[in-house]
Structures are given as structure tokens and as C-alpha cells.
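K.L.:
How does the following fold in three dimensions:
(2 chains)
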Protein chains: 2
Amino acid sequence: MGFQDASLSEINQIMEQAALASQVYGKMSLISRAGFMRAIAGELDAIRETLLITAMEETHLPQPRLNGELNRTIYQLNSYADACVAGNWLEARIDTAIPEKMPPKPDIRKMLVPLGPVVVFGASNFPFAYSTAGGDTACALAAGCPVIVKAHPAHARTSELAAGAIMAAAGKCGLPKGVFAHIHSSGFEGGRALVSHPAARAVGFTGSFSGGKALFDIASQRKEPITVFSEMGSINPVFLLSEKIRQEAEVVAKMYAASITLSAGQFCTNPGLLVGIDGPDLEHFLDILGSEIQHIKPSSMLHPGIAAAYREKKALALSQQEVRLVAQSDTQAEALEGIPTIASVHGDAFLSNPLLHQEVFGPYSLVIRCRNQEQMLAVARHLEGQLTCTAMATPQDIRDNPQLMDAIGQLCGRFILNGVPTGVEVCLSMHHGGPYPATTDSRYTSVGADGIKRFARPLCFQNWDDQFLPDELKNANPLGIWRTVNDQLTKEPITS
Amino acid sequence: MGFQDASLSEINQIMEQAALASQVYGKMSLISRAGFMRAIAGELDAIRETLLITAMEETHLPQPRLNGELNRTIYQLNSYADACVAGNWLEARIDTAIPEKMPPKPDIRKMLVPLGPVVVFGASNFPFAYSTAGGDTACALAAGCPVIVKAHPAHARTSELAAGAIMAAAGKCGLPKGVFAHIHSSGFEGGRALVSHPAARAVGFTGSFSGGKALFDIASQRKEPITVFSEMGSINPVFLLSEKIRQEAEVVAKMYAASITLSAGQFCTNPGLLVGIDGPDLEHFLDILGSEIQHIKPSSMLHPGIAAAYREKKALALSQQEVRLVAQSDTQAEALEGIPTIASVHGDAFLSNPLLHQEVFGPYSLVIRCRNQEQMLAVARHLEGQLTCTAMATPQDIRDNPQLMDAIGQLCGRFILNGVPTGVEVCLSMHHGGPYPATTDSRYTSVGADGIKRFARPLCFQNWDDQFLPDELKNANPLGIWRTVNDQLTKEPITS
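P.N.:
Numbers count the residues shown, from 1 in each chain, chains lettered A, B, ... in the order given. Predicted structure coming up:
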């Protein structure tokens, strides 16, 4: 879109500036960090119209969806700012001295401190919420880390606008140059240079398995390995249990026709796999699902590359042995549109064909016809790590299938009961993550304020004078935060 | 010592049993896990005499030191059992539904769940506390993970005894076979097979950089990468600030002569580097330190390999350009003994010679004579990640050197003021970890109950009926644990 790729020397300069800014920004108070984040939210809101128009041109997503996503982005910044100030994420812990113990126990205190410069790669499918001013950026800034964003080329102008908003906020807050930087790079080299730079301390990525894994490998093989939080593909299996499908086929089918096709299926939590038990109940469910899908009009995908990839991957999936087309939209699709499609395959064929486990990014879902309950369990145990799994199940189904429920829980980061995986609520209890290959670090979330902890590490202070401790750990607890003092959670000051 | 190496097929069988046991043990209550841990502590205590005699024979460590270490090991098991039941580590979070929100907000809850089988490699220098029944094992069991220990060959019989205690406890607690396994393997292949096995979910290691890094590389390059918590080398720099050394040379020198030579210098927190500013004050400090060291008798090192490595690495360090011997013990050393030694080098030579940054495992410390305060800062910024750093400093020294204090904090996991790094208190606020290459994951500690979190990941439950939720997340809070409910920390039940 006319933006010039950053040169390697520019990237080096940016990373060195980030390292310098880190010394200043990392020491700033929680309130100052939160002020910066709220200022970014304000700047984004101030250019809302321009952002929406630009994003619509670049992503072909409809205005209401983009407006909702921008609201979510602003909410993330403000709510992570609140969490930043509340300070629970700091994991402040204090054990006071016991001089009479043998040997004497010193005073020991710890809290999380910033890791340093964080490199963020935006997602193609979320131009706001998981891109330049999105969740990774918000979490890193809350943690006290400078951020370097590589713009996603599919929405480079939107990214440039968001970057401008962040820089304007940085200027108004009097922050050092280097607290935020934004580069364009059309190939892989720019990203590689950012992740390889010695000043980089962590990486946030949302996108494809191949991209996320490549960054993970670069980061693991550095002289000084760093952590990459890649959120990669997920097919978000949905287990359709017998009694539920017998009793509520229509409700479930309609719910899922909508979920599969929401935003042209371009969500990382799109339900790409439905697992049921072959028989008349599943047949009935598929009839309704198929007829729903036939009536859903194709909608535009994010860009020609994604639309082409959808066509190709779907064709490849449909060409696999024993895969049958169940239904697709009756409406002819334009070039950029993705045709809603449902296919099915028997359990044996699915279990023996790893290609069918791969994500087909778009409005597509594969139904597995299991021979019986045992085969459904085998499928659950056979699948790779997922962001989400869902069980459509009555209480009796749950009681009848304890092993299946355990196996599903072990597979995913979020386990939904009688709902749809699309829609990722921004709140503290959300976990948007999951076992590999859904992400490269199953211990961390990229949604919700716990995501701040990705970019921080504990630092322990032993035998320090109160006057020199960070405010978070001072006896008087001047910030009024929750701390664990001698194994008890409390907001009380320490009186000696 | 006569123990047969496990074959690859035995290792496969052990790992498969661990995966099966994981299904059972991972679902057991916090109280049951804690009961198992306390039973292990009891079994260890019951065979105390045998353990001590065997460990003395194998490690040449003196009885009081081993007895203290065994007490610490028992304390770890009991105190992590307490922490396990208290449940703060679970990070239970609940956001209740808001049906009237658009779109409706579902009920979302999350907590940490076990990762699965954990492979533990014991440390040569801690036959009890960081070996078979040591900190990593205790943390993994508290997290709900089966443990597979590869015995350290330097204390294989001690390890076998500790493994027997764990298995006896498992039997008494009625736990599934496979909740704990213990293998011997003299080469690297056994360890590689354990870490490469698909059922392995995480690795705990304490030892050399080369060993820890090799495991990290294997684990990162698996088809499904897993996390390795390697605690590797550290030279634990001590910064001697001007006023402190001027005022208290004698106290500091005596304190450090003892710390450097404690347990023949065989602690991962041994102060291997003293950084001062050249001049008469440092000279005076070195005179006292040197004369202290001359009077300290050499003591036995863990085994002939470690004693030989100490001699070689020390000789290599002393052979480097501009490195000068300051003092060594006056007493002739026996074959297995390590001679307490202090050397010095100028700042320029240190900064330009990476070999001098390497750990010399034993009673050795290198003093860096910096030209001035700026060079001391340059040294702090130049050093690799460390488990600990120490500043010997008066309040005025701290006020005069804000940049140095920041740089030291960025270098390490634990920052000690006016103390010694040796002695790692087992408590929640302890952080025994640090930036690479001190460890492979700076976000986690291997000492203190926060170490439990290494072996767990969040699992989020969306829209679940209360009856099917784990007790930890049920409305009534039957376990009485701290939870964050709608962003507020509380032990209260949820009333709807």
C-alpha cells in the first residue's frame, strides 16, 4: 500500500531506542502506564471515523463488526489500565525477617517487573483488537514494556493510523521516544530481524501455524532464547452428545450455522469440527444444519489471498478419501467471498488422515460421524491442542461420559458447555490460549488482564531498606494493592 | 554404582504409565495430593539415618549439612503441601454471567490444571533438596502431575532410597502405579528419551549450562515443544560500592570469605564475582579477604569429576591475560578437595574476555578492579543473566548510583542488599530463577510455592452448570479458597 519496508539498519536503530526507552518506561508508576493506555484509547476514539473507513477498505469487514471491534480495542486498553493500577497481576509477596531463626531468615519480597522490549505481530483477521493497538500491545504496555509492532500488510494503513494514535498519546504523556515503534515489512526478513535482535525480550503473534512456529524457532535458537506467545491455528472441535442432539437438534443446528459463518468464518475460535455419533439423530441435525447453510449468503473475506487460500484448502479437504459434501450456500460467490460449506467424514477416515485435522480458515466445518461413543472418545484423545472445545450435552450426557469430558478438557484452553466458541469475552477469567499447536505457551492467555503477565518476570528483593524498595513492596503499602504477606493475602500495611 | 541403565523400551513403558496415572492423579483433590506429599516427607524422615549415611558416602558432604538439607527437603514437601491446599496458586477466577449485556456475557471461570507427566533431573550438589524428592518433584506433585526422575549418577544410591520412600508413600496413599517413576541412565540417551517422549509435558533440571541447554534444545525441537525449567550456571556478582567498602571492609571481607567457601563453593548461588573500584579501599578489602581465605582449609568436593573440573577451570581462568592470583588456602589439598582461591583482574580485561564470565564451580571468586564507577556500570550492563546479584552498599551509595542499581536489577532474579547470596530461604516470596542463561524461563522460580505454577496451565469453563464444575470454581466455594470474583479477591461464596 505504498509503505516502505524498514531496512535492517532502521530496525536495529528502533530496537536500540526501545532498549533505552525500556529503562525509563519500565520504572514508571502503574498510574503513569495506565494514563498512557487510556490516552491511547482516547486517541483511537478521536479518529474513529477515519479508522473505520480505512479498515473497511482494507479488510472488507462490515462497518458494524469493525465498530464493535474498535470498541473492544478501546475497552481492552481501559480495562487493562484498570488492572494495571489494581496491581493484582504483580504477584507482590512479602516474607518479613525472622532474625531469631537459625540461620536467621532475611526479609524477602518479590513482584513482577517488565521483561523489556516486546515485538508484536498483528493479526490479519482483527485489524484493531489483535493488531497495532490491540491486546498484545495493551498487555505489554501495562507490564511496563516498550512495544515494536510489525504492521500486518493486509491492513497497513489502518495500522499506520493506530500507530499514529499511540504516538500521539506517547507525546502527550511525555514518554521517551522508543516506547512505541511501528514498521512495515512485506517479507519475512523484517520480522526475523526484530525477533532476532538482542534487545527483544518477548514476542506476541496471532496468525498462522507456519508463521507462529517460524518465530518460535527463531526465538528458541537465539543465543539468548526468548519466549514467543504465538496464538496459532485451532479447529475448535464441538462434541455433539447423543441426548442433546436427540432433544435439541434444531436449536443446536441453527446456533452452529450462525457460528460457523460469523464474519465469514474468520475467527480463531471458529468451530471447524463437529463430532457426533452416526445415526438418525445426527442425520436429522445435519439436515437442519445443511438447509441453514444453504440459505446463508457468502460474504467477503479479508483479502484475496485469504479467499484463495480458503478455496484451495477447502478443495483439498473435500478431495480427501471418504469426505462428503453435506451442504453449501445456494448463492453464487463473488471473487472475494467465501462459500459457507459443511462436509462430513466417518470417524475411521478422520482418525487416519492428519490433513483433516488442519484448519480451513473460513466458513467451513467438517462433521465427524463416529461409529459410537468409544470412537468419539478416540477422536478427543487423538486431536491436537485447541484454543477451545465445546460440548453440546445434557446433564445426563455429561454424567454418562466422564472420560470424554476429561479428554476434552485436556485438549483445550477453554471448554464451553452448550454454547458457541465464537465470541471471546474480555474479562479476567477468560483464557484465550491452549495446548500446542493452538499456542506456543499453554500457560498464558492473550485475552484478559492475565495476559499482562506474559511480559513480566519476578524480581526478588532480599534485605532491602524500606525506603529503597519499589512502592509496591513498601511496608506502608502506599498503592493499596493486594499482597501476600507471610502467606496471607492482605491489603494491610506492615507494622514492625 | 551397580544400577542398570533403563532401556528405551522401559522408558517408553514408564512414560505411558505416567500418562495413564496422570488421568487419575490429576483429578485428585488438593487434600489428597497434599496427603501424598506429607506421606513422602514422613517416609523420608523414617529412613533418615540410612539416607544420611548413604549420601555422606556418595557426596562427601558433611553430616550436619546433609541433615540440614534433608530437613529442608521435608519442609519443602510439607510447606508446598500446605500451599497446595490453600489453593492461591490455582489463580481461580470467576466472572458471572450478564445476560442483559449485548451480546450476553456468559458465565466464565478458570483455574490452573496439571500439565501432565513431568521429567525431573536431580542436581549433583543437592542430593536431597534438588534431587529425587526435592523441590521440582514436590512442585509437580502439588500441581497434580506424575513425576519421572532420572537419578543423578553421583548419588544414585541416595536417589534410589528417596525413590523408595516416594513409592512407599504412593502405596500407602493408594495412588496409581505410574504416579512416580525412577530410572538410572549413565549417558545422555536416557534423559533424551524421557524428554523426547510424547507423554512428557514439562521438564525440571538443575545443573550445568551445557546439560540444561541441551535439554532445552531437545524440548524446543520436539514435534510438540514443551517447557524446560533448567536452572543452570550463575556467577552471582557482588557489587562492592565505595562508601561501604571504605567503612566496613573487614565485615564484608569476612562475610564473603565464608560465603565463597561454604560447602566447598558448591552452591548455585556461590558469589563467583566481586566487582569493586580499584584503589586503596579495595586493596585493604582484598588484604583482609586474602588473609581470611589463606586460613580456610580446603574441603572435599562432591566427587572426583567435580574436583577435577574445579582444578581445570580455575587453572584456565588464572591463565587468562592479566588475571592475578590474590590468595589461596595455605593448607595442602587432598585429591578430592577444592582449594579456596581468590583472583583479580582489571575491568578492561574482564569486559573483553567472555571466558572470565563463566562459572568456576567451587570455592573460587574473581575480583574485578574497575577503573571507576562508570566501568562498574559497564560491567553490570555487560554481564549475562544471573540467579542473584548483591550490592554491598550504604544508603548514600544507593542514592549515588541509581543507574547501577537499575542495571543490577535487570540482570538477576534476586537482588540482595548487604548480605550474601548463599542461603536460599524456602518461602513464597523467594525467587530462585533469573534471566537466561541463569535459567531457561525467567518467569518461574524453582524454590517456594510459586514453583508449583511451572507445572500447570489455565483451563477456562464457559457456561457450565455449577454441579459439573470443579470444587475450586463452584458457587459455594466449598474449599474456602481465595478467588477473584468479578475482579474482586474474595473467599465468599457466590449467591445468585
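K.L.:
Which stretches in the stretch 201-350 of chain A count as strands?
P.N.:
A:202-206, A:227-231, A:237-240, A:273-277, A:299-300, A:324-328, A:337-338, A:341-346 (DSSP state E, counting those that start in this stretch).
K.L.:
can you put those in CSV and add distance to A:Asp406?
P.N.:
All C-beta atoms are positioned from the backbone trio N, CA, C, and that covers glycine. Shown next, in CSV, are the strands of the stretch 201-350 of chain A (distance: least, Cβ to Cβ, whole Å):
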stretch, distance to A:Asp406
strand A:202-206, 29
strand A:227-231, 25
strand A:237-240, 12
strand A:273-277, 16
strand A:299-300, 38
strand A:324-328, 30
strand A:337-338, 35
strand A:341-346, 25
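K.L.:
which residues sit in contact with the residue nearest to A:Leu356 when sequence neighbours are not counted?
P.N.:
In space, A:Leu356 comes closest to A:Phe350 once its chain neighbours are excluded; the distance is 5.3 Å by Cβ to Cβ, 6 or more residues apart in numbering or on different chains. By Cβ atoms under 8 Å, 6 or more residues apart in numbering or on different chains, A:Phe350 lies in contact with A:Leu356, A:His357, A:Leu366, A:Ile368, A:Val379.
K.L.:
again with A:Lys150
P.N.:
A:Lys150 is in contact with A:Val119, A:Val120, A:Phe121, A:Gly122, A:Ile183, A:His184, A:Ser185, A:Gly190, A:Gly191, A:Leu194, counting by Cβ under 8 Å, 6+ apart.
K.L.:
what about 6 Å?
P.N.:
Applying Cβ atoms under 6 Å, 6 or more residues apart in numbering or on different chains to A:Lys150 gives the contacts A:Phe121, A:Ile183, A:Ser185, A:Gly191.
K.L.:
Show me those residues that map onto strands.
P.N.:
Among these, DSSP state E puts A:Phe121, A:Ile183 in strands.
K.L.:
could the contacts of A:Lys150 be laid out in a markdown table, adding distance to chain B and neighbour count?
P.N.:
Below are the contacts of A:Lys150 laid out as a markdown table (distance: Cβ to the nearest Cβ, whole Å; neighbours: other Cβ atoms under 10 Å in any protein chain shown):
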| residue | distance to chain B | neighbour count |
| --- | --- | --- |
| A:Phe121 | 19 | 24 |
| A:Ile183 | 25 | 23 |
| A:Ser185 | 25 | 20 |
| A:Gly191 | 19 | 21 |
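K.L.:
and the stretch 1-150 of chain A, which of its residues are near chain B?
P.N.:
By Cβ under 6 Å from any Cβ of the partner chain, the residues of the stretch 1-150 of chain A that approach chain B are A:Arg93, A:Ile94, A:Asp95, A:Lys105, A:Ile108, A:Arg109, A:Lys110.
K.L.:
what are the bridge partners for the second one, then?
P.N.:
Which is A:Ile94. For A:Ile94, the beta-bridge partners under DSSP bridges are A:Arg109, A:Val485.
K.L.:
Count the residues that sit near it.
P.N.:
When counting by other Cβ atoms under 10 Å in any protein chain shown, one arrives at 26 neighbours for A:Ile94.
K.L.:
what's near enough to touch it?
P.N.:
By Cβ under 6 Å, 6+ apart, A:Ile94 lies in contact with A:Arg109, A:Arg483, A:Val485, B:Ser429.
K.L.:
Which pLDDT does the model give it?
P.N.:
Per-residue pLDDT puts A:Ile94 at 98.
K.L.:
if I look at it, how far off is A:Met102?
P.N.:
According to Cβ to Cβ, to the nearest Å, A:Ile94 stands 22 Å off from A:Met102.
K.L.:
can you pull the contacts of the residue of the stretch 51-200 of chain A found nearest chain B?
P.N.:
Distances between the stretch 51-200 of chain A and chain B by Cβ to the nearest Cβ are smallest at A:Arg93, namely 3.9 Å. By Cβ under 6 Å, 6+ apart, the residues touching A:Arg93 are A:Lys110, A:Thr484, B:Leu428, B:Ser429.
K.L.:
can you tell me how far the second one sits from B:Trp482?
P.N.:
This points to A:Thr484. Going from A:Thr484 to B:Trp482 by Cβ to Cβ gives 9 Å.
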